[in-house]
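Asker: sequence and predicted model, in that order:
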Amino acid sequence: MTQAPRSADAPIVGASAASATVPRIRIRGLTKSYGSVMANDGIDLDIARGGIHAIVGENGAGKTTLVRAIYGLVEPDAGSIELDGKLVDVATPAKAIASRIGMVHQRFQLVEPLTALENLTLGDLPHRGMFFDRSAALSRARALATELGTSMEWDRPVVHLSVGARQRLEIMRLLYRKADILIFDEPTSVLTPQEADDLFRVLPRLAGQGRTIIFITHKLREVFALADRVTVMRRGRVITTVPTKGSDPQALASLIVGEHFERPELEAVADRGEAVIDVEGLSVCDDLGTLSLREATFTVHAGEIVGVAGIEGSGQRELVEALLGVRQPVAGTIRLRGRPLQRASVWDRRKRGVAFISEDRDGEGACLAATLAENVLPLERHDPGLAGGGRLRISAIAAFARSVLTRFDVRGAGPQSPARALSGGNLQRLVLGREIHKTPTLLLAAHPTRGVDVRGIAFIHEQLAQARKAGAATLLISEELSELIELSDRLLVIFEGRLVADLPAAEVSPERLGLLMTGAA
Amino acid sequence: MSGIVAETGIPVAGQETIAPPRALRLLRPLQLSGPFVIALLVGAVVLFASGRDAIGTYWLLAQQSLGGTTEIANTLVAATPILLTGLATAVAFRSGIFNVGVEGSLYVGAFAAAWAGFTLKGLAGPLLIVVAVLLAAAAGALWALVPGVLRARWRVDEVVTTLMLNYVAILLTSWLVNYYFLAPDIANSMSPMIAKQARLGSLLPPSQLSIAFVVALLVTGLYAYFFSRTRIGYELRMTGLNPRFARAVGINLGGAVLIAFAISGFLGGVAGGFQILGVNYRFIDHFSPGYGFTGIAVALLGRGHPIGIVLAALFFGALSSGGAMIQLFSDIPLDLINILQGTVMIFAVIELSRLPFVKRWLRHA
Amino acid sequence: MTRTHRFQWSAILPVVALVLASCGGSSTGGTASSVSANTAGAGPSFKPLCTPQSGKSYKVALIIAQGGLGDQSYNDLAYSGFQKAKNDFPIIGRVIQSADIVSQGQAIVQEAGQANFDLVIDLEFSTYDAVKSVAPQFPKTQWMTPNFTSVAPNDTGYLFNEQDGSYLAGELAAQVTQDSSIPGITPSKTIGVIGGIKAVGIDKFLVGYVQGAHAIDPNLKVLVNYSNAFGDPAKGKQLADAMFQQGANVVYQVAGGTGTGVIQAAQSANKYAIGVDSDQDAIAPGHVLTSMIKRTDFAVYDSINRLVCGKLKGGDTVNLGLKEGAVGLSPMKFTKSIIPSKYLDRVNADQQKIIDGQIKVWNTITQGNPPWFTS
């Protein structure tokens, strides 16, 4: 590797700390480009031993590339990485592991049919002669669990473990391999709030044992709850690294977006319009045949946002899928503007103005392997101007896609680039553009801001507000209570498949909502 | 220009989320030709080990498949059925359907064309040919709709049904030809000859190169146009790339499955029909050496791309035709050709660039 | 890659003989008489007709039929004749196989003509049309089409008198089925025969067999059935079992791969089967009474023999029969000891009578089905 010329405006951070003790990790001039995009542009960063170091930034700021470079998954174009002052070559994950660096990915690297114990010891089996020494393995496993202050069902196949347990298993697997630098990529994005709390107990414990923790997050709350120091990245560069003490979320948010930032004020509700969707006694089963939505009855009016609050897995997904038409209800009626909808196909509903923002952006909301234009087109594919006579008008489609991409500020790729080139936030803008560039009759918005950066969240909120103003009826599903309360006119609370409350959002406090969601009120 | 087609080809599991580096993209042609290069190396080792002259053999193989007008024509004749079955397979694969039943459609199509050829003798040549090909296509499409309906309506796994229906088709046509349509003068598992006017004339005598090859090329163009420029092609492609996405935007998945099966079977039937009208002139029990199965390799090797499919079909055609002919001039056994074919097929399904050592090598190259 | 299973062509190939009696193709080649005659079981004689000219070598191609080498039947047998000729004569022999012989046949035949071969032997039955149209374009090349009458002035057809061998098989079966001294025989006046399909080429065997049986005993009952499949041993077993239950002690199979089932049935019922085409006696030793052998290898050898000695003229058809030892019963390696020798004497005597023309065996190819044969 060659030393890249340091970019002039990149501040040398952590220099004062480094003068006292040698940092655990010292990164200098790290540069990585993908085509014309500089994912990392001369990164300098010091990370102290025994600390919890957060990395924040908008989608596409280069956080993931940076940690992947530390873990050997990305080979930098230039720059150096030192551990304890010694230059190391972490060209592959194997070398990183040998240097005691470990990473917990968003998608876990576990072998699902094998048990927790087998996954833990995979690659380094304790053995007696040529036989697996199960008791030795088990005692080492239990020691690790104690060290972590947690428990584990060691004989359970991973496929039957909860997401939180899998994550703990991943952590223990790194410890088993003697890792003392632990990298987490958005560790709480897949966790339930309770599981996240568990993780928040584990991380300080690990740091207290002298290990170094690096984690990427979008949630500023987590930064201030956990981290000692936080590095802000923007457009491939490190903007600053500051101690969390003495900073505050508002200041950090401004640093992330690079300008002063305020949440938009939502206009107060005028008169709510006609009833757009009437749901009565709707019951829906999930994939396993369990009744997961029971006799739901509610109405959403034009110009109204109705939030659905509930713990993940309480039946929200089945509700949305039944309204969209991809899942057949077992009982109940759905009326769109008074006309029954049960028998209508997805396309019939789409034609009648049902819009849908999927909670699974990569798997359902967009087609990553297709181009941006192809991702914008589908709802207009019967438009005579774009596909008259069944023939696609390529230039008209490109122009249409460009207009949507521009209006919804999708950056980073043109209409002919594959959608997988977009960062999560930009992809969500594309989805939003496809679904609401024409004001929908009914908008089903499931977790519309999940995994989106601060600026993106603001944009999405503004768009939802505009759609509401234009008369759309919106059903909003979210796990962010503040988002639900801020955006919604009314809130439905769902608990174990039942709607247990229907309240004006203005009258609800987060505390009360939390109690309703957990069935405690 | 490039239209709105992403260079995606056949959907593969585990898509990388980070765009490949430019170097890798530039090396794509090399990557696609990898299977051929490896196959030739393996073949060379086998030749060497059996005490033969590898370069001489390959030179002879090249001469016998591409060395002259007749040789090229023979290669094109051999490539015609597998180009069509390759396209038939690719249509299904790109729509997310693993149809391995093109062989079955080919058999029923071939039988239908032969039946028209020896039954409707009163029709004029061009009309009879058109009728025979359309009947073949219809038979192939109807045949493919059986697993199509099973999949669309009851979610029956199409790999099993299509594979099994191949044998049903082979045995059904065998039964028909042996019981009801046996040639009167030759009591041997062959139907009567089709009418003289139903034969496709040779474009390049003495070879049997006929309009069938030209039509197969046209079909390749239609295939490209269909997937890049038509709404239904777009819908099928989205279904293949991401069925959940397709469903959510209101594409009728069941309908897409039926359309894909019908087109796939249609092309399989045409492949069978042309083989009868252009080459065999009668239905012969068990006549196909597995054109439908070679079509799978062609579709995979061509990565679903029209040009890739044409090249793969030409490669297999050259190997088949040249491989038969070189035996006239040397004592190379057919087994060598089988080794070459087999090796290419194995490496066709492995994405070379995903192998770790190749990845590293490419990075440093 | 999966290759479709092909049924064995063994028993069907005799059937493909062209029934163009009016073409007058059935005349025996002028040189046939020089092929030395043989007595039963001795087989044909592979002897050069001349001393080959020194310094001259001949290019001969052998096009292998559908099924390929390794079929332990038709192709392999023909190939062994080819190998024998290679040893005896100065020839450059090329063996051409193709997985797609059905479709490539025409191109291969064309290319072989182009490549100036002296003789092209085409075993593949579906390409006789190709030979018919291609051969005249290459008058310097001789062509050989086994199981066909000559299709071109420079093509020599080879036909086998399978009805004669079948006649002898019928005689033997008719005698054996009535003799309780032979192990497993419950004396009866019943024998059976199973054909692959109802077709003149198959009935050629069946009619000869029935005629031979009735020559021994006009009151004998011959059970006739068709398997309608050439590759279905299970069906063969089923049909043979039924015949054994109806009292037959011997069943003749003329049904290719289906026939192995007939032989299995004979073994498990402790009865007898009669094999066809190649010597199948060893498949179930002691339970295959004999086999009606057809020597394709001899036909291949003979054509090369004539070529080298300048006696392959083309334009006519060689009929190979008992006299040439090209059809006939197997040596009965496993059953000879249990068959009373008087039965074999009768068979040998009648074989000579057929050769001498004293017994005329019905030929369905030229005569159609006889009035007494209904099935």
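Answerer: On my side now, so go ahead. Everything numeric in this text was worked out from a predicted model, so none of it was measured.
Asker: list the contacts of the most far-flung residue of chain A relative to its centre.
Answerer: Within chain A, residue A:129 marks the point farthest from the mean C-alpha position, 45.7 Å out by Cα atoms, centre = their mean. For residue A:129, the contact set (Cβ atoms under 8 Å, 6 or more residues apart in numbering or on different chains) is empty. All C-beta spots, glycine's among them, are computed from the backbone N, C-alpha and C.
Asker: got the phi/psi numbers for it?
Answerer: With angles defined as degrees, to the nearest 10, residue A:129 sits at phi 60, psi -130.
Asker: give me the pLDDT value at the residue sitting furthest away from the middle of chain C.
Answerer: Computed with Cα atoms, centre = their mean, the residue of chain C farthest from its C-alpha average is residue C:55, at 35.4 Å. Here, the pLDDT recorded for residue C:55 equals 82.
Asker: so who does it touch?
Answerer: If you count contacts by Cβ under 8 Å, 6+ apart, residue C:55 has none.
Asker: flag every buried residue along stretch C:276-291.
Answerer: C:276-281, C:283-284, C:286-291 (16 or more other Cβ atoms under 10 Å in any protein chain shown).
Asker: no no, stretch A:416-432
Answerer: For stretch A:416-432, by 16+ other Cβ under 10 Å, it's A:416, A:418-432.
Asker: for whichever strand or helix holds residue C:239, give the mean pLDDT please.
Answerer: Element membership for residue C:239, per DSSP states H and E: helix C:233-245. In this model, helix C:233-245 has an average pLDDT of 94.
Asker: between the helix or strand just after that helix and helix C:233-245, how big is the angle?
Answerer: Using DSSP H and E, the helix or strand that follows helix C:233-245 in sequence is strand C:250-254. Interaxial angle, strand C:250-254 versus helix C:233-245 (axes from the mean of the first three to the mean of the last three Cα atoms, to 10 degrees): 150 degrees.
Asker: distance from the chain centre to strand C:250-254, please.
Answerer: Counting by Cα atoms, centre = their mean, to the nearest Å, strand C:250-254 is centred 15 Å from the centre of its parent chain.
Asker: so which bits of the helix or strand just after that strand are buried?
Answerer: Counting by DSSP H and E, the next helix or strand C-terminal to strand C:250-254 is helix C:259-269. Buried residues in helix C:259-269, counted by 16+ other Cβ under 10 Å: C:259, C:260, C:261, C:262, C:263, C:264, C:265, C:266, C:267, C:269.
Asker: so what does helix C:259-269 touch, helix or strand wise?
Answerer: helix C:233-245, strand C:250-254, strand C:272-277 (3 or more Cβ pairs under 8 Å, 6 or more residues apart in numbering or on different chains; DSSP states H and E).
Asker: pull the CA atoms of that helix into PDB?
Answerer: Taking Å, rounded to 0.1, in the frame of the first residue of the first chain, the C-alpha atoms of helix C:259-269 are listed here in PDB:
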ATOM      1  CA  GLY C 259     -36.300 -60.100 -24.100                       C
ATOM      2  CA  THR C 260     -34.100 -60.100 -21.000                       C
ATOM      3  CA  GLY C 261     -37.300 -60.200 -19.000                       C
ATOM      4  CA  VAL C 262     -38.400 -63.300 -20.900                       C
ATOM      5  CA  ILE C 263     -35.100 -65.000 -20.100                       C
ATOM      6  CA  GLN C 264     -35.500 -64.000 -16.400                       C
ATOM      7  CA  ALA C 265     -39.000 -65.500 -16.400                       C
ATOM      8  CA  ALA C 266     -37.700 -68.700 -17.800                       C
ATOM      9  CA  GLN C 267     -35.000 -68.900 -15.100                       C
ATOM     10  CA  SER C 268     -37.400 -68.200 -12.200                       C
ATOM     11  CA  ALA C 269     -40.100 -70.600 -13.600                       C
END
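Asker: which of the helices and strands packed on helix C:259-269 is buried the deepest?
Answerer: Per-stretch averages of neighbours, counted by mean count of other Cβ atoms under 10 Å in any protein chain shown, single out strand C:250-254 among those, with a mean of 32.
Asker: what sits up against it?
Answerer: Residues outside strand C:250-254 that contact it (Cβ under 8 Å, 6+ apart) are C:11, C:166, C:169-170, C:173, C:176-177, C:191-196, C:202, C:205-206, C:209, C:223, C:236, C:240, C:243-244, C:259, C:262-263, C:265-266, C:271-276, C:289, C:292.
Asker: if I pick the residue nearest the centre of chain C, what's in contact with it?
Answerer: Closest to where the C-alpha atoms of chain C average out (Cα atoms, centre = their mean) is residue C:294, at 3.1 Å. Applying Cβ under 8 Å, 6+ apart to residue C:294 gives the contacts C:14, C:160, C:162, C:165, C:276, C:277, C:278, C:326, C:327.
Asker: follow-up on the earlier one: and the helix holding residue C:239, how far out from the chain's middle?
Answerer: Distance of helix C:233-245 from its chain centroid, counting by Cα atoms, centre = their mean, is 23 Å.
Asker: what helices and strands are in contact with that helix?
Answerer: When contacts are defined as 3+ Cβ pairs under 8 Å, 6+ apart, helix C:233-245 packs onto strand C:190-195, strand C:221-226, strand C:250-254, helix C:259-269.
Asker: same question for the longest one, mean pLDDT?
Answerer: The pLDDT scores in helix C:259-269 average 94.
Asker: all strands of the stretch 51-200 of chain A, in order?
Answerer: For the stretch 51-200 of chain A, applying DSSP state E, counting those that start in this stretch gives strands covering A:52-57, A:78-83, A:86-88, A:101-104, A:127-128, A:131-132, A:181-185.
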